[in-house]
Each structure stands twice: as structure tokens, then as C-alpha cells.
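Colleague: can you look at this prediction? I've put the sequence above it.
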Amino acid sequence: MNETTSQTVAFQAEVSRLMHLMVHALYSHKEVFLRELISNASDALDKLRFATLKDPDLLGEDSELAIEVGFDRERKLLWVKDNGIGMSHEEICANLGTIARSGTAEFLGSLSGDAKKDAGLIGQFGVGFYSVFMVAEHVEVRSRRVDLPPEQGVCWSSSGEGSFTVTPENRVLRGTEVLLHLKGEEMEFADANRLTGLIHTYSDHIAFPVYLAGSEGREQVNKAQALWTRDKRHITAEEYIGFFKQLTHQLDDPLAYCHHRVEGRLSYSCLLYVPAHATLDLWRPDGSRGLKLYVQRVFVMEHTEVFLPHYLRFVCGVVDTADLALNVSREMLQASPEVDSMRRALTRYVLEMLDELASREGETYRLFWKEFGDIFKEGIAEDIVNRDRILRLLRWNTTKGEARSLDEIQKDMPFGQKKTYCLVAENREAALRSPHLEFFNDNGIEVILLTSPIDEWLIHALEGAVDKPFQEISKEGLDVEGLGDTQGQRQAREAQEAHGAELEQLAALFGDAVSGVRFGAHLVSAPSSLALASTSLSEALQEVLRASGQQLPDTACPILELNPGHPVVQRLLAETDQQRRADLAWVLLDEARLAQGRDLADISGFLVRLNRLLAQETPGRLA
Ligand code: ADP
């Protein structure tokens, strides 16, 4: 790149789109631009402080690391200045001209154009520097990297439409100054009270002093002490929430947070949050997540995953410790016994926080569960030490509600129930239509609906860990003995004895299509249903296992169950005409398949048989 003259460069297409969408979607959250600018300034100071560990001379005379927010009402100007690490010519072009984050294009594609909905999504994406164009008609950024001479300063300027201009500029001061030419209608921001209020809300806990410079002079506005180093008793909820927003760039309040300071064999502080929304990175396998690491107040590393187990990867926050070296690397973290102990403690803190939320704020816990439940479930396999605790925190979608704990389910069980019944289904609606459920619904017995593939995996993983073992009600060997209406059970037993031979004939007729035929005690209004062999896995789980390259066990054919009390079944048993009997039998099997939401392999055969039966139905009337 030519670094001696001014050049105009087009924004990456994604930047232009994001700016355009942001202006519309965040209309009512415009003030976030200030938070973003202060946050960038604070990061730049953090980076410089870290660099001075190796090279203390970098600071020179200008040794107080600080941020200045200033305004000039008459000239419609607002600025945010820092004496941090600064940017070179190349860096400024790359940082303020492109979005380096992977998945940006997909993200932009997922926005709907509906400002309200998009505001939430953009909040999760994190708005960043470009939010300045919500309030400014023109922006100049002047910067010099700490290790470059004054002649290598640079000025970036743009009105946010299509392109920006970069010009070399002599700059004695190190660091960065962002100067906003405010839009006429945004003059509310050129006001000392308004700015003081915003700095308090968003940036009180920034570890560097933030000065406000206006017509009345210059004064420090914030406390300039990292939030987690302060005494818990003097920190307000607003401060905790403000810090969260600064940290994650999200717009919504977190669902829960906790703050711990530990002095002893190890000394560390941590501030942990459960956000209301997953960040986009959470769903990407290569996405960045994990805590921000400080060593004795010095920022060392972003996104350190080692401090929490994988199933708690939705947690955001910071950890600050005196027990690691300032030059610690990611590899060293992996192998550190200190980190291991901290991970155990932090895991416990998160589980305690969730326990507390579940018992005190059920509604909020349900929000957590909806957003992160499927990730949290992985803990059952990953964290054997805390298994019982995790088990208590699991919530289940059941015939009685959408987020029931195992405790609640067991408490409501009728006397004598020995199993925890569950049913694999694609979604709640499909599950509630299943003929397998009728008996349970009629008898007020709660059934867990396993609607996500991980649920099915979960009940396998929990085998042996629960008092009343799970029983899949669409599988063979369903035992409802001693439960509910006993008449159906007696009827099924009697029918089994009386019609054993017929059932064998039917099984022979079906050949390979089923692995057996028998009477089902749990059928109420449906004439037939299919039971999966006890060893077989649902289609959904088979798919998951196949996708992850695992070997599938042999799946046996299902068993056809008939309802002995149903008139169609009674007709089948009484039927002497071979053709009609075969037609009825096949129609009952196909019906059971349909009720399960499966496709019929032979639709035309089904229709031929059905029509043949219908035509014979009432010959008297036809004549
Ligand atoms: P984010 O902060 O989420 O990375 P931004 O759009 O706010 O996204 O900023 C993009 C990049 O520009 C930052 O990551 C940083 O490298 C650089 N940057 C922004 N402001 C400053 C600043 N005041 N000093 C140094 N670098 C900065």
C-alpha cells in the first residue's frame, strides 16, 4: 500500500450492509456507540500494559493510561481518546474496513429486516466500532502505534457510505482518537450530564480512568477500579449488569451472575455470567468462547476455554489470578495444576448459581433451559463428579409441562409406578398425537417426551443413575402391570391365550415386515400400533450416530401390537375369508405406521386393499 498520500478504500461489502442494518435496527439503542468506543479504548490500554511487561520503556513520559471522552457543543463534536497501543496504517485499514469474524455473511443473511427482531440479533453479534455511524455524519480516527515514529501516524475518515479515506499524518501522541461529527438530531450526546450518565452505566468498572472534557473543564467520571477487585458489598446490580454488557456487547441483561474472591492456597477472583442469549460463536465449532484472563489485574488473554468444562461453554466472564505467570501461554494453561483446581471451583460456582436460579426464579431458569439446555445436558457424560447435581438441574419436556424436573415427575407418580416412562418423538405435537400415549393420558401417568436427539442419548447415558429406570413406551417389553385401568391388561392377557394361533398366522403373513404380532394392553382407541424392538434406536438417534461416524447396532423389525377391544381387530379375528383377512391385517399394519408419522412403503397396495374393504363394507345398501 502507498503510505505517503491519501487513499480512498471501499468498505468490505459486509461492513456496508451491517452499517445499513444497524442504523435501522438499533434506533432505540443508539447510545451503545459510546460503550463500544470506550470498550475499544480500554482494550487498547490493556494491550499496551501487557506489552510494557516486556518493554517498560514503551510508556515514556505519557505514563498514565487513561481515556478521555470530550465534546464541543458549538462545533457538534464528540471524541473518545486513548493513549493505548494504537494502530498502524495497515491495521487501521483492516480493523476499520472489514469484519474479520467468520460467519458474518451468514449472520447478515439471517437478519429479517424487521427492526425489532434484528436488534436482538445484532446485539448478540456485537455491534463494535461501526455503531458510531448511528449518531455521526462523519468520523475521523487518528492513531499512532506505540512502536512507530510520529511520522507514521494515520488519519482514517469516512461518512459511513461505501468508502473511507486514509491519510498519513504526523502524530506526536501515541494511541487513538475517534472524532465524531454529530448529526444535527443527535446533539443530546454533546452534553455533560448525558455523557456522565452513560459512562456510569456502561463504563464505571473500566480499570482505567475515564475523564470527561467539556466546556467546564476535565474531570474523572468513573471509579477506575476493575469491578471484580472491588468489595462485593459495595457493587450494585447495575454495575454488574453494565460490566456484562461491556464485556459481551450484548443488549439484554444476563440471566444470572456470581462474583467470588478466593484467598488461600490459590488466590483468584472470578465474575461469571449466564447470558440471556447464545452468542453466534457458541454454535460454531471453531467459535471463540471462554473467559477473559487477567493475571494480577493485567489483561492477558481473551477466550480462555480451560477454566470451565465444555458443557458450560455458554458462561461469559473474567478470571483474575495471582497464581499464573504474566507470560503464560495457552499450552501452559492446559498443563497447569492451578488451572485444574480453579476449573473445579468455577464449575461448582456455576452449578451453584444455576441451583439458586432454579429454586428461586423458576421462570428465568426456564429461559436459561430453553436457550442452553441442550448444551448443558452434555454435562451428564462430561462431568461425572457433579452428575447428581446436573441431573437435578435437567428439565424435561413431558405430557404435563415443558420444563419439568425429575423430582417433580417422581413426586407426581401414582403409587406403584416403578418406571419413568418416555417416548421418542420428532416434536411435542407429534408426540402428543401418538397412540402409545393414550393409555398413559387416560390414567394420568406422566410421560417424558424425548424431542431432541440428545434426549435419547441422555436417557441411555443415565441408565443406572436414576431410581426408577427409564422405559421407552413405544418399545417392546412395555410393562404397565399394576398401573391404571386393569381391564385392558386382563383383556390383552385373555386375548393372547385365546388367539395365540391366529397371531402366529398373522406373523407368517407379514413375513419380514414385522418381528412379531401380539396384543397390547395400553391401546385405547387406536386399533394397532408399532413397538420398536427393545434394542433398536429411533430414526433420529440413528442419524446422529451415523453422522458422527459411529457403528449402529443391528435394528430389529418392529412388533405389531393389536388392541383386543377394538371392533376392527375383533373383525379381523372373526374373519374367515382369506382375502379379507389379509386385507384387514395389512391395513392395520399400515395404519400403525401412519400413526407413527412414517411413510408407507407401498401406498398403492394400501389403497387397493382399503378400497376393496370399503366396497365390501355394506353390500345391502349398494344393492
Ligand atoms: P471489536 O472491538 O469487537 O473487535 P470493533 O469494530 O469495535 O470490533 O473494532 C475492530 C478492531 O479495531 C478492534 O478489534 C481493534 O483491533 C481495533 N480498534 C478499535 N478501536 C481501537 C482503539 N481505540 N485502539 C486500538 N485499536 C482499536
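Modeller: Yes, it's here. Numbering: from 1, shown residues only.

Colleague: and whatever helix or strand Asp340 lives in, what does it pack onto?
Modeller: Asp340 is part of helix 337-360, with elements assigned from DSSP states H and E. Helices and strands touching helix 337-360, by 3 or more CB pairs under 8 Å, 6 or more residues apart in numbering; DSSP states H and E, are strand 256-262, strand 268-274, strand 316-321, helix 362-376, helix 387-393. Any C-beta I mention is one placed from the backbone N, CA and C, and that applies to glycine too.

Colleague: ok, and the closest non-adjacent residue to the residue of the stretch 101-250 of the chain found nearest the ligand?
Modeller: In the stretch 101-250 of the chain, the residue that lies nearest the ligand is Gly128 (2.9 Å; CB to the nearest ligand atom). Of all residues not flanking Gly128 in the chain, Glu36 sits nearest, at 5.7 Å (CB to CB, 6 or more residues apart in numbering).

Colleague: could you measure the one you found against Arg433, distance?
Modeller: As defined by CB to CB, to the nearest Å, Glu36 lies at a distance of 49 Å from Arg433.

Colleague: who has more neighbours, the two?
Modeller: Higher neighbour count among Glu36 and Arg433: Glu36, with 21 against 12, using other CB atoms under 10 Å.

Colleague: which helix or strand contains Val178?
Modeller: Take DSSP H and E as the rule and Val178 turns out to sit in strand 175-182.

Colleague: pairing partners for that strand, with directions?
Modeller: Strand pairing for strand 175-182, determined by DSSP bridges: strand 77-82 (antiparallel), strand 136-144 (antiparallel).

Colleague: rewinding a little: using CSV, write out every CA atom in the strand or helix carrying the residue nearest to Gly128.
Modeller: Assigned by DSSP H and E, Glu36 falls within helix 32-54. Taking Å, rounded to 0.1, in the frame of the first residue of the first chain, the C-alpha atoms of helix 32-54 are listed here in CSV:
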residue,chain,number,x,y,z
VAL,A,32,-24.3,1.9,22.7
PHE,A,33,-21.8,3.6,20.3
LEU,A,34,-20.2,5.2,23.4
ARG,A,35,-19.9,1.9,25.2
GLU,A,36,-18.2,0.4,22.1
LEU,A,37,-15.7,3.2,21.8
ILE,A,38,-14.8,3.1,25.5
SER,A,39,-14.5,-0.6,25.3
ASN,A,40,-12.2,-0.4,22.4
ALA,A,41,-10.1,2.2,24.1
SER,A,42,-9.9,0.1,27.3
ASP,A,43,-8.8,-2.9,25.2
ALA,A,44,-6.1,-0.8,23.6
LEU,A,45,-4.9,0.2,27.0
ASP,A,46,-4.9,-3.4,28.2
LYS,A,47,-2.8,-4.4,25.2
LEU,A,48,-0.3,-1.6,25.9
ARG,A,49,0.0,-2.5,29.5
PHE,A,50,0.7,-6.1,28.5
ALA,A,51,3.3,-5.0,26.0
THR,A,52,5.1,-2.9,28.6
LEU,A,53,5.8,-6.1,30.6
LYS,A,54,8.4,-6.9,28.0
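
Colleague: so that helix, near the ligand or not?
Modeller: Yes. Residues of helix 32-54 are located near the ligand by CB under 6 Å from any ligand atom, namely 36, 40-41, 44.

Colleague: top of the residues you listed by neighbour count?
Modeller: In those, the most neighbours by other CB under 10 Å go to Ala41, 28 neighbours.

Colleague: doesn't Gly84 make contact with it?
Modeller: Yes. Taking contacts as CB atoms under 8 Å, Ala41 lies within contact range of Gly84: 6.4 Å.

Colleague: which neighbours do these two share?
Modeller: Listed as contacting both Ala41 and Gly84 by CB atoms under 8 Å, 6 or more residues apart in numbering are Thr176.

Colleague: helix, strand or coil for the residue most central in space within the chain?
Modeller: Ranked by distance to the mean C-alpha position of the chain (CA atoms, centre = their mean), the top residue is Ala278 at 4.0 Å. With DSSP: H, G, I helix; E, B strand; the rest coil as the basis, Ala278 sits in coil.

Colleague: list the contacts for it?
Modeller: Residues in contact with Ala278 (CB under 8 Å, 6+ apart) are 124, 314, 371-372.

Colleague: between those, which has the most around it?
Modeller: Using other CB under 10 Å as the neighbour criterion, Phe372 leads those with 22 neighbours.
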